[in-house]
Structures are given as structure tokens and as C-alpha cells.
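> Sharing a model prediction with you, sequence too.
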Amino acid sequence: MPEPSESTAELINRAMKNHQGGLSEYESKKVLAAYGIATVADELVKTAAEALAAAGRLGYPVVLKACAPNLAHKSDLGLVAANLDDVSSVQTALAEVTKRAEGMALDGFLVQRMVKGKREIIVGGTRDKIFGPCVMLGLGGILVEALADVAFRLSPLEERDALEMINEIRAQRLFGGIRGEPAVDRRAVTHVLITVGRILVEHPRVAQVDVNPLIFEGAQPVAVDALITLEPA
């Protein structure tokens, strides 16, 4: 298992010093990547010119998002534009997202590769006041709330714990070969579950880790969005 970058502690310490409630999506995914979780390719930009250059490097179609510390529910706020397939659509989306984010203290905008996958899950970690660090697995997107098809374990997790979580999900067919999609790489999913718990254990200031969605490109899970929330100082 790869060792985390020291930048993880630096990101958390800087956020605490700045009295932030959490890390931005960009910073949160840097933490995941430092721990060996596959994340979608993206770039943080400030201007329209930088956004267009990033889109060109990443390859169309792309997604554009507002980026700020602890900014949750971006889609609900109209701060995400997906399936942007040319220069004009990126320019239009940037103007619209900028207008909707008026008054917000943004770090900038995320331009990321559009991940195409038919299946998605959510992996979350929280610090329970009684039981300590816990990890959750469920269906991704809004389905996690609508269906409540979730499994929990205390952290640190062993591989067998993570496999049991996968087997407890009622929508088991999601992980098998379905509609032309290959069976999910369960070992890759267990790695994500174990690692989210590891982040909580190794960084006591982390209150929550939300990876939603984790989309499967073929058999492999890719973290498309993430948010790390911090405990109050």
C-alpha cells in the first residue's frame, strides 16, 4: 500500500490555520490520490483562457465546477456543468457558473475529464462520537438517500471486512457483469474502503471523508468528486 504524501498533513494544517471547515474538492482528491485511490484527471484554473487550455489538455468532453473549501452540493447550487464538448460550451458554462457563484470565496474552477460509466457508488468515512472512525459503502448519487442500501464497518478495516461490506449491499448485481459491463474489480473497491478508514485513523482532525460518486470505468473505480470535512479546532 503506497505511503501518503506529507502534503496531506500540510493541506489539513493550512486549512485549520485558515479556520476552514474542510478542504476543497481539488484538495480532497489530492489527499485521495496521495493514498493511492484513483481520481479523475482535473486542473484548477482561474480564468477563461486557463479553462480552455485545461480542456484542450484533458480532452473533450469535460466537466466544469466551482471550487472552494468545504463546498458541498455543488450540483444543487448550479455550480457544475457537465458534458462540455467544445470551446463555446466551456465559455458559456464558465460564465453561468461564475454568475451563480457570485459572492462566494472561490479558489477557482475545476476542469475535469468527463468520466463515462454506467455504475457508481459512494464511499464515506465519519468519526462517530462513541465508536470512532467508521466507513460506509452505498449506491452512488441520490440513490444512497432514496434506497438506504448501505453497509458500515469500524475502522481500521481488514480486507475481509471490506469484502463483507460489498456482499451486504442488496443491489449485488451492480458489482457483477451487467449490460455489457465487466464485473467490478472488488479488490480495487476494498482498497478504497480500507484507505478511507486509514485517512480517518491517521488524521484525527478529519471529521468526514465523502467520495461521491465513485464511478466504474469498466471494472475500475474512479473518484469523480470528494470532500473532506475537518473537526473544529
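Thanks, I have it.
> number of nearby residues for Asp185?
For Asp185, the neighbour count with other C-beta atoms under 10 Å is 15. Glycine gets a C-beta too; all of them are placed from N, C-alpha and C.
> need the contact list for it.
Asp185 makes contacts with Ala219, Gln220, Pro221, as judged by C-beta atoms under 8 Å, 6 or more residues apart in numbering.
> Apply 7 Å and report the result again.
With contact taken as C-beta atoms under 7 Å, 6 or more residues apart in numbering, Asp185 is in contact with Ala219, Gln220.
> now swap in the one 10 residues further on and tell me
Going by C-beta under 7 Å, 6+ apart, Thr195 touches Tyr35, Gly36, Ile37.
> Val80 now?
Val63, Lys65, Lys74.
> report the longest helix in the protein, please.
The longest helix of the chain (DSSP state H) is helix 186-202.
> what residues does the helix or strand just after that one touch?
Heading C-terminal from helix 186-202, the first helix or strand you meet, by DSSP states H and E, is strand 206-217. For strand 206-217, the surrounding residues in contact (C-beta under 7 Å, 6+ apart) are 12, 32, 115, 117, 119-127, 140-141, 184, 192, 196, 199-200, 221-231.
> Parallel or antiparallel, list what pairs with strand 206-217.
strand 120-128 (antiparallel), strand 220-223 (antiparallel), strand 226-230 (antiparallel) (DSSP bridges).
> Out of those strands, which is closest to Arg57?
strand 220-223 (18.1 Å; C-beta to C-beta).
> Tell me the buried residues in the closest one?
The neighbour-count check on strand 220-223 (16 or more other C-beta atoms under 10 Å) flags Pro221, Val222, Ala223 as buried.
> what's the neighbour count on the residue lying closest to Arg153 once chain neighbours are set aside?
In space, and not counting its chain neighbours, Arg153 is closest to Asp161: 4.8 Å by C-beta to C-beta, 6 or more residues apart in numbering. Neighbour count of Asp161, defined by other C-beta under 10 Å: 18.
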